[in-house]
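J.: A structural model of the following input is requested.
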Amino acid sequence: MLRLPVLAAALLTAAVPLAAQTPDQGSVLASADSGHDAGTATLSSYGKRTAAALIQLAGEQVPVSTLHRAVRQFELALRERRDDPWAWYGLARANLQLHESGTGWVSSETRVFGMSYYEAFLADLRQSLAVNDAFAPALRLLAASVASEPERLQPPWVMQTLDAPGSAQAAGAMAWLVRGRFERAAHHFAKADTDFAAYRAAGGDPGLTLLEVARSEAADDSLDAAAAAYLAGLDSAGPAGRRAYRLDLEWIADSGELAAFDATPAPKLSEWVTRFYEKRDAADVRDSGERLKEQLRRWVYVHQHFALTHPTASARWGAGWFRDFQRCLGSDSTTLVQFGTAEPLDTLDPRHAERVLDDRAIIYMRHGAPSRDLYSGGGTLETIDRQSGKFAPEDRDAGVQSGGSSVGELLDPGDADEVWLYSMEGAPRSYQFVGSAQLGLQAPTTLLWFPEDPWLLEERGLVDPDFTRLAMISVTPEAAPAGLFCLPSAQRMETRSRVDLAVAATTDGYPPLFPTAVTPLVQVNAIADSGGGAGHLVLAYAAPAGQLVPVLRDDRLVYPLRYRLVAVDTAGNVVRQSGDASVLSPDTLGDGHYLSGVLDLKVPAGLWRLGFVLEQPGGVRGGAISAPGLRIGLDHPLDVSTLFLGTDRDEVTWSAGSRTIPLTPESAYPRGSRLDLFYQVSGLTAGDGFRTSIAIYRHDNDRLGSQVVQIGFRGEATGPDTPRQLGVDISRLRAGSYLLVVTVSRADGSAPVRRERPFSIYTR
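T.: Numbers count the residues shown, from 1 in each chain. Presented below is the predicted three-dimensional model:
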């Protein structure tokens, strides 16, 4: 949030009693304020100048030259009278329009060097209200301007003015909206809801009202009520409400999703947004409605903790802070903005070019709290406790201490520094934030795409081992920075950092996280029913018992477990299944023992992603997996199911008609085994011939090695779906990693379909 500096006292004259103003003069100036000339012959010279300048401000796009002329006219009028609010108000309007035009700064009598157009607007408006604190045009302009802004920290006089008795009646609905936001920021939630209700009663947008109420409920930790209000507001949203909801979605929605939102008619908005979040719930293996509540919680959190407290200088600071590297590594400033991710901006906000939140907010809104983070202060590293509220100080003006440094001292980047660690797209990814002249030195405000000095490298290495070697080299006496940055390892890490930024900017999520991770081993398969219109996603799992905790129930030892299966296809359809997976045991099980089972989820034809969560009650122990690319139904004239793999010793089995199919969740087999392979060929008619090739390749370090097994044979279809179950001898293969490949084609070799399954062999 931004705090405007105290303006020079010379710019604010002391309030004086309001000189007598005839009703006719007031009505003529009010008419001029609306762009109409109601006759100025009877006005004084002051009144004529003011009315003429007010008329010049009317219209959609007033030329900049006209705005500057109006400023001059208001200033000349103020030479004659400074005890009337109209000229001050008109001057404020002109400066606001100059600010919105984006034109270059020009000085004037009332706009001294260093004062922006927006700062001048506020100063002039304040002076108008100092002359007459009940002056309705100034109150309306102030309320409308503040209401169009995001959740900024406003100067105290703004809050005091709009909170004064009678100001809301004079300023209209927008004053109630702003007052509600002020009360919410102060954690006065009941008062905030009363003000929002008054905003709606005064003609405010009912959808925007409920969105504001939803955020108040979220700030008060009532997430169920917050989500209900959020969805209800969509049904009644007018233009202002619809725009506000779109801005909220911009935090995580891509361009296609935003276009779909724009094209959705009002009566269908709630349904569309519910489906939008439902797809994300499914992708993250969450219960329905969880992601919407998390979005509301995150919005409150970033505005409480990552808000900028500096004034309009943030517009001048630019996009980011980066030092030039010495040779080898590029000095371009790769930022999230360059990847298309930024703080959503409303063009109706007169200060829409300015930042309100720092870079941490952008990452947090997309990905939530990191799995691990560190804060450095005064040369020490500390783990951040986000629950207790221990954070780096963010406001130099507040008189706080920062890591042993007093408020008056400018801290070096790294004295305010955080590193966040996430798991995104199947890989650990770290993000480093530093203090900067661009967004503030007293907190880790700015995303650093690559650590460029030894201290930052060392800290990054504490949560990201890939940086550890580079950090160790950097602190050796003979290591020169230029030489360090020319190392191949530094160049590789630079490339990886760019990839990590791209992933953060183009994805979002709310994955289940458990303090004690118990990741189950799984084998996931997809097989179509006859006709291909539906099928089954089959998941065999094995959870390490040594990492789970049993309980005693009715004198029996039980490992309590719950599972959740969530499948989502490319069209956004979601299928869910959950239940109990508890296991009775005669004794406590240690390392080497697994609790296993098989789950079957019936789904329509399509391309599916299956998510699986297995957890113990309380959410302390558990794990989650995601399996994409599971196809049900014919994609080609010929189709083959995934490869079900096991041995005759497996206790986990799945039934397909009269067949019992063994499955090995870990896909690891002792040396000397014989594999039981099952798959289904679809798309043929009874009597059609087809060819099958089975090959096994070495598969070390994700590289395909030499072929060690090759089997080929012909078959004949027994109908539209032909099951095949056969044994594959791997007894002569030594320990290691392998890839099983099955290729099926028509009898003439056409339309080949390839399916793969990795597995490993170990020595007993």
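J.: going forward, measure contacts between C-alpha atoms and count neighbours the same way
T.: OK.
J.: could you give the mean pLDDT of stretch 281-299?
T.: Mean pLDDT, computed over stretch 281-299, is 96.
J.: can you pull the buried residues of that stretch?
T.: The neighbour-count criterion (16 or more other CA atoms under 10 Å) identifies 281-286, 288-299 as the buried residues of stretch 281-299.
J.: How about stretch 43-60?
T.: For stretch 43-60, a neighbour-count test (16+ other CA under 10 Å) marks 43, 46-57 as buried.
J.: now swap in stretch 220-233 and tell me
T.: The neighbour-count check on stretch 220-233 (16+ other CA under 10 Å) flags 220, 223-233 as buried.
J.: Restrict stretch 742-757 to CA atoms and write it as CSV.
T.: Extracted as CSV, the C-alpha positions of stretch 742-757 are listed here (Å, rounded to 0.1, in the frame of the first residue of the first chain):
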residue,chain,number,x,y,z
VAL,A,742,4.4,-53.2,-26.7
THR,A,743,3.6,-52.3,-30.4
VAL,A,744,0.4,-53.5,-32.0
SER,A,745,-0.5,-53.0,-35.7
ARG,A,746,-2.9,-54.4,-38.2
ALA,A,747,-2.0,-57.6,-40.1
ASP,A,748,-0.5,-55.5,-42.9
GLY,A,749,1.6,-53.5,-40.5
SER,A,750,-0.5,-50.3,-40.7
ALA,A,751,-1.8,-48.1,-37.9
PRO,A,752,0.8,-49.1,-35.3
VAL,A,753,0.1,-48.2,-31.7
ARG,A,754,2.9,-48.1,-29.1
ARG,A,755,2.5,-48.5,-25.3
GLU,A,756,5.3,-48.3,-22.7
ARG,A,757,5.8,-49.2,-19.1
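J.: got a list of contacts for it?
T.: Residues external to stretch 742-757 that are found in contact with it (CA atoms under 8 Å, 6 or more residues apart in numbering): 636-643, 681, 688-695, 714, 739-741.
J.: elements contacting the lengthiest strand in the chain?
T.: With secondary structure taken from DSSP state E, the chain has its longest strand at strand 703-716. Packed against strand 703-716, as judged by 3 or more CA pairs under 8 Å, 6 or more residues apart in numbering; DSSP states H and E, are the following elements: strand 689-700.
J.: one more time with 10 Å
T.: For strand 703-716, the helices and strands in contact under the criterion 3 or more CA pairs under 10 Å, 6 or more residues apart in numbering; DSSP states H and E are strand 689-700, strand 721-729, strand 736-746.
J.: Partner strands of the last one and their direction?
T.: To tie it back to what came earlier, the one meant is strand 736-746. Applying DSSP bridges, strand 736-746 is found paired with strand 689-700 (antiparallel), strand 753-762 (antiparallel).
J.: cool, the shortest one as well?
T.: Take DSSP bridges as the rule and strand 721-729 pairs in its sheet with strand 674-682 (antiparallel).
J.: Show me what the closest residue to residue 530 other than its chain neighbours is bridged to.
T.: Closest residue to residue 530 in three dimensions, ignoring its sequence neighbours and counting by CA to CA, 6 or more residues apart in numbering: residue 721, at 6.1 Å. Here residue 721 shows beta-bridge partners residue 682, assigned using DSSP bridges.
J.: if we look at the longest strand of the chain, which residues are touching it?
T.: Outside of strand 703-716, the residues within contact range by CA atoms under 10 Å, 6 or more residues apart in numbering are 684-699, 722, 724, 728-730, 732-733, 737-747.
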